[in-house]
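Everything below, folded, please.
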Amino acid sequence: LNQHYWSLEFLTEQYGFIVCGGGKVLKTTDGGNNWTQIQAGDTRALYTIDIIDSLHIAAAGEGGKNVYSSDGGVTWVTNFDLPVLTATNWIEFVNIDTGYSVQDGWEMRKTTDRGQNWFNPNTVNRGGEWQIELFENGTGYSTGYNLSVYKRTGGLDNWGSIFLNHNWSDVFFIDEMKGFFISSYVGVGLYKTEDGGVSYQKVENAPGGYDLLFLDSLTGFIGGTYKTTNGGETWYATNGGGIKVFFINDSIGWSIDSHIYKTTDRGENWFTQVQLGGSDSFTSIFFVDSLNGWAVSRYIWQTTDGGTNWIERTDIPVFFGNEVYFIGNNGFAIEPLKLYKTTDNGDNWFIQLNSPYIIKNFGWLSDKHGFIMGGSVVYETVNSGNTWNLIDELTNVGLQKFHSPNNYIGYSVGSTGLIYSYVDTTYIPVELISFSAETDKGLVELKWITATETNNRGFEILRSNDNKNWSIVAFIPGNGTTTIQHTYQYTDEVKITGNYYYKLKQIDYNGEFDFSQTIEAQVVKPSDFILYQNFPNPFNPTTKITFEIPYPSDVRIILYDITGQEIKTITNQKYDAGFHSVILNADDLSSGVYLYRMTTQSGYTTVKKLTIIK
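Down below sits the predicted model:
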């Protein structure tokens, strides 16, 4: 057949089909040695086929073409076209009646009547556009544009994205560790991180949007339309407000869409100051103080009385701008390909930068250090916008928005789930103030203090008894990037007396690492047999019993009730000289006072009380 061959499917080694251009289907029953040519519906190309069983077959393709056979592909029923931009790319059935399809530009579709009618089975996620694969155990996968991979769990219609690959609209970090990412795409919503970007979790039932802002650690906004008062855990609708928001202090703010709204009660209620006509909308708003503000739509708008009156500044050459920002007397306005600047509080504006690519948004670490980005390019200034330099390695990366919780770390987001962190390592060197060890019986108390940290994922604690061969004892998470002093500690329990060596392996998020100096701790050999009081006491359901022995010995610890009747053996074995502990689990015991006695082969014996409270 002189057509494109788009897809093939075999039920057995002998029985298979190929779907082709022109609406043709090729069928073989002898493993491909011979083929029968069949016309399936009209002449539009077929791109995908699914053999459900030897009789039932579904196929789809160009323009949403949708055909079905119940007689092994001899004849085909043409059903209504699937909704597509250009084509249905894959079709997959779980039985002769129920199937799924993915296509260009539309959500996943489902049929329960052999393809006669199709509907969106999941309103939360779109599903992929290119291929879908279903398994008998109920699991399924779908893939498509922009690295999207969806997985089916908990039922045929419960599809969720398994990669964080959404197109982000904005980012906001409350502090160095806790931040939020938001998308305006339907079903994506809001995500948060609480470990400086190492991991992310979806904030369930939170809305999506274009703009994020927090006034403090608890109070935040998605545009002017949604608000949280518990640090982003839950959100509720405000009375009014637009898609972007700006606050000059804790109470007074403005929000924009085709209107300019103002609030004086921390965003609970908004009232209209300006309303545009036609299809125009405001894209940015910025206030220098409580009276003087600027907004951008078709032209730049200005107010000098807190927004009571706004003037459309048609004399300013900025046309259909994206964003406006002021640092003192200097102001900046972004057009898609130009950066305008004013040095006289906005009276006069001039072109400062012509960009070969679209630019959209500002992001600032401080009044001196800032960025302009728009997806294809990123410009940087370190002198309050007097000069801007292109960051070559970020060209065509896709960064869109930037936010910094302080002047040495920031986060940027973009398309396909892109999340970058920026750390100014020249501003904060890594500094370990101290690293020490103290011993108490068989416990080594390790303590270290950092003055600053940069990109610090955490510390591996390494231990050696010869200062040559090292083993990992534990991992302690770090605090990312911070200039705040932090104290860490870890208790290492050793059973054999002697000298021990410790050092820290500090690991960055990018995998780079460095070692601390080595310190030594001496665990002295016990001079006598000692049984210590259990801890905690009282307890439920477990407690630790610690003892020490000066030389190798058989040790037996028995639990008794208050009348002296034996209840259980806690331990009965030989121990080396040193410090040891055992765990008593009292799940099977009732509340009350009990006795535990330790005896050794040398004749040492002692008794202590413990209390179980349930």
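
Compute the number of surrounding residues for Thr452.
Thr452: 20 surrounding residues under other C-beta atoms under 10 Å. For glycine as for every other residue, the C-beta is placed from the backbone atoms N, C-alpha and C.

Same check on the one 3 residues further on?
Using other C-beta under 10 Å, the number of residues around Asn455 comes to 19.

For the helix or strand hosting it, what is the distance to the chain centroid?
According to DSSP states H and E, Asn455 maps onto strand 443-464. With C-alpha atoms, centre = their mean, to the nearest Å as the basis, strand 443-464 stands 26 Å off its chain's centre.

What strands line up against the next helix or strand after that strand, and which way round?
Remark: after strand 443-464, the chain's next helix or strand is strand 471-482, criterion DSSP H and E. In the sheet, strand 471-482 lines up against strand 443-464 (antiparallel) (DSSP bridges).

How about the contacts made by Leu462?
Counting by C-beta atoms under 8 Å, 6 or more residues apart in numbering, Leu462 makes contact with Trp470, Ser471, Ile472, Val473, Tyr502, Lys503, Leu504, Lys505.

ok, 6 Å please
Trp470, Lys503, Lys505 (C-beta atoms under 6 Å, 6 or more residues apart in numbering).

The closest residue to it other than its chain neighbours and Arg109, how far apart?
Of all residues not flanking Leu462 in the chain, Trp470 sits nearest, at 4.4 Å (C-beta to C-beta, 6 or more residues apart in numbering). Applying C-beta to C-beta, to the nearest Å, the value for Trp470 to Arg109 is 57 Å.

which one of these two has more residues nearby?
A count of neighbours by other C-beta under 10 Å puts Arg109 above the other of Trp470 and Arg109, at 25 against 18.

Give me the neighbour count for the nearest residue to that one once chain neighbours are set aside.
Ranked by C-beta to C-beta, 6+ apart and with sequence neighbours excluded, the top spatial neighbour of Arg109 is Trp118, at 4.1 Å. The number of residues packed near Trp118 is 26, by other C-beta under 10 Å.

any idea how far Trp118 lies from Thr86?
Relative to Thr86, Trp118 is positioned 17 Å away (C-beta to C-beta).

Please apply the same query to Val378.
From Val378 to Thr86 the distance is 33 Å (C-beta to C-beta).

for the lowest-mean-pLDDT helix or strand in the chain, packing partners?
Lowest by mean pLDDT, DSSP states H and E among the helices and strands of the chain is strand 159-161, with a mean of 75. The helices and strands touching strand 159-161, judged by 3 or more C-beta pairs under 6 Å, 6 or more residues apart in numbering; DSSP states H and E, are strand 149-152.

what is the rounded mean pLDDT of the strand it packs on?
Across strand 149-152, pLDDT averages out at 84.

Enumerate the positions of it that are buried.
Tyr150, Arg152 (16 or more other C-beta atoms under 10 Å).

so what does that strand touch, helix or strand wise?
If you count contacts as 3+ C-beta pairs under 6 Å, 6+ apart, strand 149-152 packs onto strand 140-143, strand 159-161.

got a markdown table for those strands, with distance to Phe362 and mean neighbour count too?
Below are these laid out as a markdown table (distance: least, C-beta to C-beta, whole Å; neighbours: other C-beta atoms under 10 Å):
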| stretch | distance to Phe362 | mean neighbour count |
| --- | --- | --- |
| strand 140-143 | 36 | 20 |
| strand 159-161 | 30 | 21 |
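
Take the ones you listed and lay them out in TSV including distance to Ile52.
What follows is the helices and strands packed on strand 149-152, written out as TSV (distance: least, C-beta to C-beta, whole Å):
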stretch	distance to Ile52
strand 140-143	16
strand 159-161	21
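
which one of these lies closest to Gly242?
Nearest to Gly242 among the helices and strands packed on strand 149-152 is strand 159-161; the distance by C-beta to C-beta comes to 28.1 Å.

Tell me the helix or strand right after that closest one.
strand 170-173.

neighbouring contacts of that following strand?
Outside of strand 170-173, the residues within contact range by C-beta under 6 Å, 6+ apart are Gly179, Phe180, Phe181, Ile182, Asp211, Leu212, Phe214, Lys401, His403, Pro405, Tyr411, Val413.

Could you look up the next helix or strand downstream of it?
Note on strand 170-173: by DSSP H and E, the next helix or strand toward the C-terminus is strand 179-182.

which helices and strands does that next one pack with?
Looks like strand 179-182 contacts strand 170-173, strand 190-193 (3+ C-beta pairs under 6 Å, 6+ apart).

Tell me which of those strands sits nearest to Gly458.
Nearest of these (C-beta to C-beta): strand 190-193, 15.5 Å.

Alright, that wraps it up for me.
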